[in-house]
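Asker: Return atomic coordinates for the entry below.
(2 chains)
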Amino acid sequence: MKLDSRIPEGPLKDKWTNHKNHLKLVAPNNRPKIDVIVVGTGLAGASAAASLGEMGYNVKAFCFQDSPRRAHSIAAQGGINAAKNYQNDGDSIYRLFYDTIKGGDYRAREANVHRLAEVSGNIIDQCVAQGVPFAREYGGMLDNRSFGGVQVQRTFYAAGQTGQQLLLGAYSALSRQIGLGRVKMYNRHEMLDLVKVDGKARGIIARNLVTGEIERHSAHAVVIASGGYGNVYFLSTNAMGSNVTASWKIHKQGAAFANPCYVQIHPTCIPVHGTNQSKLTLMSESLRNSGRIWVPKKKEDAEAIRAGKLKPTQIAEEDRDYYLERRYPAFGNLVPRDVASRAAKERCDAGYGIEANDTNEGVYLDFSSEIKSKGKEVAYAQGNHNPSEEEIITLGKKWLEEKYGNLFEMYEKITDENPYETPMKIYPAVHYTMGGVWVDYNLQSTIPGCFVAGEANFSDHGANRLGASALMQGLADGYFVLPYTVSNYLADEIRTGKISTDAPEFLEAEKNVKDSINMFLNNNGTKTVDHFHKRLGHVMWNKVGMARNEQGLKEAIEEIGQIRDEFYKDVYVPGSADEMNPELEKALRVADFLELGQLMAMDALQRKESCGGHFREEYQDAEGETLRDDENMSFVGAWEYKGQDTTKAVLHKEDLKYEFIKIAARNYK
Amino acid sequence: MSTAKNINITLKIWRQKNAKTKGGIETYKLDNVSTASSFLEMLDQLNEQLVSERKEPVAFDHDCREGICGMCSLYINGRAHGPETGTTTCQLHMRKFNDGDTIYIEPWRSKAFPVIKDLVVDRSSFDRIQQAGGFVSVNTSGNTIDANSIPVPKVDADKAFEAAACIGCGACVASCKNGSAMLFVGAKVSQYALLPQGQVEATQRVLNMVRQMDEEGFGNCTNTGACEIECPKGISLENIARMNREYLKASVK
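Answerer: Down below sits the predicted model:
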């Protein structure tokens, strides 16, 4: 396997422009002769399918949900970055590029990240033109806010529902193309294999989740935009259906899988409440603009809180440890996610956690200071220069409600506590996966004709993802990168003609899918799919979670192998193949998670440094900060599949060259 | 949470193998449900129990479990998304129920939402309404004009956002005695009616969306207001009024 990143020559700021100018084109009259499959309809998939359909290709789009409008991009809360410098605070394409590279702990490709920053402004223009109702200032201009890891206000938002509004924008563009007949939409369908003919991606095998029918679909190119793999941990902020299957199937067909160990643990989730919990809920990072994070300074106070004898509001200001402000004065509560998450873990491990669950894991996110300062500001703005304490608090709460009302409501529903009156309890949880299918600069995997976009690829975030950058990448890939690069590939396909689904490759792939379904349905084991998924998740969180070490990783590799063996021997899947069968869907996905989980541990084991979302306990400085090894570890770790036992997988390295910026220690102090 | 306790409940659930077979209510007993669990986590627990008894689990739609994707549905004790207002089923928690309660769970009921299996219905009619005109016809060229070149008054932007916050779950249809989709369609029409973008095709948009809505078999609005009350996102009836004005304007053009 050869990794050719195909990064264009020339100065950084001209690479994309020059590259675009030299990519091959497909003439408009030839495009209807060409079929493209897009798997997944989140921000990346919907925008790609809509754009390719608009160009005139025949597009088939697939999603497992009942409608493309339900893809998990819809749950992103906080915002989307763009280097517009509307706030005149020194932002620029270079700064967005630099912040993203630095935020990713210097483990992303310079050229890809610069392209992302370059098109970021276009994304906002595009979405506004589509009727996405971003937040506005009273003068009618777009409003911005700040996010973790940066010192400018470049984040565009729509209350706490930015992902929803952007996805519905992309969905409306997709709907338009479906209405025009240029995109054919396959709802409630799941891709279960990639079909290659002569080494090229030529189609997929999909299962109709309503009828159970196994379908063959051919195309001249396949785009995978199926999201991330955070659900390998069982508990995560991902939607329940989010899975790795599409990515994993192309990996099994020869696509390298890169940096699987890079998982973002988001610092502001609602802590785990009990053993029956099915998933975790995120509180937007934007709350860190207004909330201050703390734990008690005294251990006895933390113990009293956990025992229910003391309320957080009873802890005096001087007895609170605002640990992020203390450790990172320059960024304070707005340090990047990996830094904030580790700092919370450090305090809880030291015994200062405040949540009364079996792990005592939880810290406070407190809005009382903001209520007072904003309340006073609003009173003054209303001409009241001598407001009473009560007036201030009422106005401050109203201000918070306007900004974050839906998040506060959501918190109260889940926890039964009112965050306007008492601080939120939060703790880090698995959120976003920076690793994914290896792609070159054109977003093409190591399989010709198979492109990968959005969270499903590994390309732009390095070892950590800054807030408000996932939405940006999804839409950049789908609206502004793939239309050019996929066309470049398809330029050589205009004479190919229709691909027959009767080819032996299709028949064989279909047979394999059917065999594996029958294997599960006839297995006659004794344990449920979730039983194995939860066990896998437990190993992943404890040994491949927020902190990893050599011994734990070696144990994880061993244990996951055992769980996998047991899964195949003892899983019980009820129902039949020719009907809607959610347990069967889960079984097929968990089978893939059981291979991926082991690969994640392998990747974490070989990466002998700490960077971004990957914290190896052996590599830290005296103050507990991450210690990178730029000399030996400045590479993308891309794995080649060698069978179900992923301990046999082979590692390939793509060296990361930083030509345009100087690598420096990542310091947020 | 520290206030959580375990309760025992009886569930009366609609079971239906597929769209062609007749369905019926089945009764299940479920013990030790934590009041900190969500309603869907309670159903997960039931399904674990059913599978371990080698019975077929109950099919229900769900995905994000954060109240935003709109995938979950369920008629709970005769109300869309259950007893709490402004809440999706996934955000309803078992602390709202008592030990010993009997809970009825049924799928959305509407001609335009046929049952697929058990509690799962087909809502693709909503997609087809949107495909008929719920968009601004703008190409993805990357050459659109700067986003700030057309100022939008904050009040309009906020109202458009409130309409756009619809999650398309279908509770409005399910709770309407006429099976009307006018709250959903009104919300979408309103979002675009309130913004300067896409005004040139406003006439065609509302005519096409309303036509498709009728073709899908949704009923008419008789201003009962159940949709607004049961909407988990508080989408206002104002949107139906705005759609009617837009429709009237378009019809007389």
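Asker: can you map out the strands along the stretch 201-350 of chain A?
Answerer: When assigned using DSSP state E, counting those that start in this stretch, the strands of the stretch 201-350 of chain A occupy the ranges A:214-218, A:221-224, A:257-258, A:263-269, A:292-296, A:320-321.
Asker: excluding its backbone neighbours, what's nearest the one residue in the stretch 101-250 of chain A that gets nearest to chain B?
Answerer: Of the residues in the stretch 101-250 of chain A, the one nearest chain B is residue A:140, at a distance of 2.7 Å by CB to the nearest CB. Any C-beta I mention is one placed from the backbone N, CA and C, and that applies to glycine too. The spatial neighbour of residue A:140 that comes closest, neighbours along the chain excluded (CB to CB, 6 or more residues apart in numbering or on different chains), is residue B:151 at 2.7 Å.
Asker: any idea how far that neighbour lies from residue B:67?
Answerer: Summarising the geometry, the distance separating residue B:151 from residue B:67, computed by CB to CB, to the nearest Å, is 32 Å.
Asker: Residue A:437 reaches residue A:255, doesn't it?
Answerer: Yes. Here residue A:437 reaches residue A:255: they are 5.2 Å apart, a contact under CB atoms under 8 Å.
Asker: what do the two both touch?
Answerer: Taking CB atoms under 8 Å, 6 or more residues apart in numbering or on different chains as the contact criterion, the residues that touch both residue A:437 and residue A:255 are A:247, A:445, A:452.
Asker: hang on, the earlier thing: may I see the strands of the stretch 201-350 of chain A organised as JSON lines, with mean neighbour count, distance to chain B and mean pLDDT added?
Answerer: Formatted as JSON lines, those follow (neighbours: other CB atoms under 10 Å in any protein chain shown; distance: least, CB to the nearest CB, whole Å; pLDDT from 0 to 100):
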{"stretch": "strand A:214-218", "mean neighbour count": "20", "distance to chain B": "17", "mean pLDDT": "98"}
{"stretch": "strand A:221-224", "mean neighbour count": "30", "distance to chain B": "15", "mean pLDDT": "98"}
{"stretch": "strand A:257-258", "mean neighbour count": "28", "distance to chain B": "25", "mean pLDDT": "98"}
{"stretch": "strand A:263-269", "mean neighbour count": "27", "distance to chain B": "11", "mean pLDDT": "94"}
{"stretch": "strand A:292-296", "mean neighbour count": "24", "distance to chain B": "17", "mean pLDDT": "97"}
{"stretch": "strand A:320-321", "mean neighbour count": "19", "distance to chain B": "21", "mean pLDDT": "98"}
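Asker: wait, which of the ones you listed is closest to residue A:509?
Answerer: Closest approach to residue A:509 among these is made by strand A:214-218 (7.9 Å; CB to CB).
Asker: Is residue A:654 part of a helix or strand, or is it coil?
Answerer: strand (DSSP: H, G, I helix; E, B strand; the rest coil).
Asker: tell me the centre residue of the chain?
Answerer: In the absence of a named chain, this looks at chain A. The residue at the geometric middle of chain A, judged as the C-alpha nearest the mean C-alpha position with CA atoms, centre = their mean, is residue A:432 (3.2 Å).
Asker: sorry, should have said chain B
Answerer: Residue closest to the average C-alpha location in chain B (CA atoms, centre = their mean): residue B:169, at 1.7 Å.
Asker: ok so, going back, dump the residue contacts of the residue nearest to residue A:140.
Answerer: Going by CB under 8 Å, 6+ apart, residue B:151 touches A:136, A:139, A:140, A:141.
Asker: wait, the last one sits on residue A:86?
Answerer: To tie it back to what came earlier, the one meant is residue A:141. Yes. Contact status for residue A:141 versus residue A:86: in contact at 6.8 Å, counting by CB under 8 Å.
Asker: Return every residue with contacts to both of these two.
Answerer: Applying CB under 8 Å, 6+ apart, one finds that residue A:141 and residue A:86 are jointly contacted by residue B:148.
Asker: Of the two, which one has the most company?
Answerer: Neighbour tally, residue A:141 and residue A:86, criterion other CB atoms under 10 Å in any protein chain shown: the higher count belongs to residue A:86, 21 against 15.
Asker: do you know how far the more buried one is from chain B?
Answerer: Using CB to the nearest CB, to the nearest Å, residue A:86 is found at 6 Å from chain B.
Asker: Also residue A:609?
Answerer: 34 Å.
Asker: Then residue A:59?
Answerer: In this structure, residue A:59 and chain B are 13 Å apart, going by CB to the nearest CB.
Asker: about what we covered before: so the residue of the stretch 101-250 of chain A closest to chain B makes contact with residue B:155?
Answerer: No. The pair residue A:140 and residue B:155 fails to qualify as a contact (CB under 8 Å) at a distance of 10.0 Å.
Asker: Between these two, which has more neighbouring residues?
Answerer: Under the criterion of other CB under 10 Å, the comparison of residue A:140 against residue B:155 puts residue A:140 first, with 15 against 11.
Asker: so where's chain A shaky on pLDDT?
Answerer: For chain A, no stretch is flagged by pLDDT under 70.
Asker: Can you list the buried residues in the lengthiest helix in it?
Answerer: In chain A, assigned by DSSP state H, the helix with the most residues is helix A:389-415. Buried residues in helix A:389-415, defined by neighbour count with 16 or more other CB atoms under 10 Å in any protein chain shown: A:391-400, A:403-404, A:406-411, A:413-415.
Asker: Also within reach of chain B: list those from those residues.
Answerer: Cross-checking those against chain B (CB under 8 Å from any CB of the partner chain) gives A:409, A:410, A:413, A:414, A:415 as the overlapping residues.
Asker: Which part of chain B gets nearest to chain A, residue-wise?
Answerer: The shortest separation between chain B and chain A is 2.7 Å, found at residue B:151 (distances taken as CB to the nearest CB).
Asker: Please verify my assumption that the residue nearest to the centre of chain A contacts residue A:282.
Answerer: No. No contact is recorded between residue A:432 and residue A:282 when judged using CB under 8 Å, the distance being 10.0 Å.
Asker: hang on, the residue nearest to residue A:140 in a helix?
Answerer: No. Using three-state DSSP, the secondary structure at residue B:151 is coil, not a helix.
Asker: can you give me the strands for chain B?
Answerer: Under the criterion DSSP state E, chain B carries strands at the ranges B:6-15, B:24-34, B:75-76, B:79-80, B:102-106, B:115-117, B:120-121.
Asker: and of the ones you listed, who's closest to residue A:325?
Answerer: When the strands of chain B are compared by CB to CB, strand B:24-34 sits nearest residue A:325, at 36.0 Å.
Asker: so that closest one versus strand B:102-106, what angle?
Answerer: Calculated by axes from the mean of the first three to the mean of the last three CA atoms, to 10 degrees, strand B:24-34 forms an angle of 130 degrees with strand B:102-106.
Asker: quick one: is strand B:24-34 near chain A?
Answerer: Yes. Applying CB under 8 Å from any CB, one finds strand B:24-34 in contact with chain A at residue B:34.
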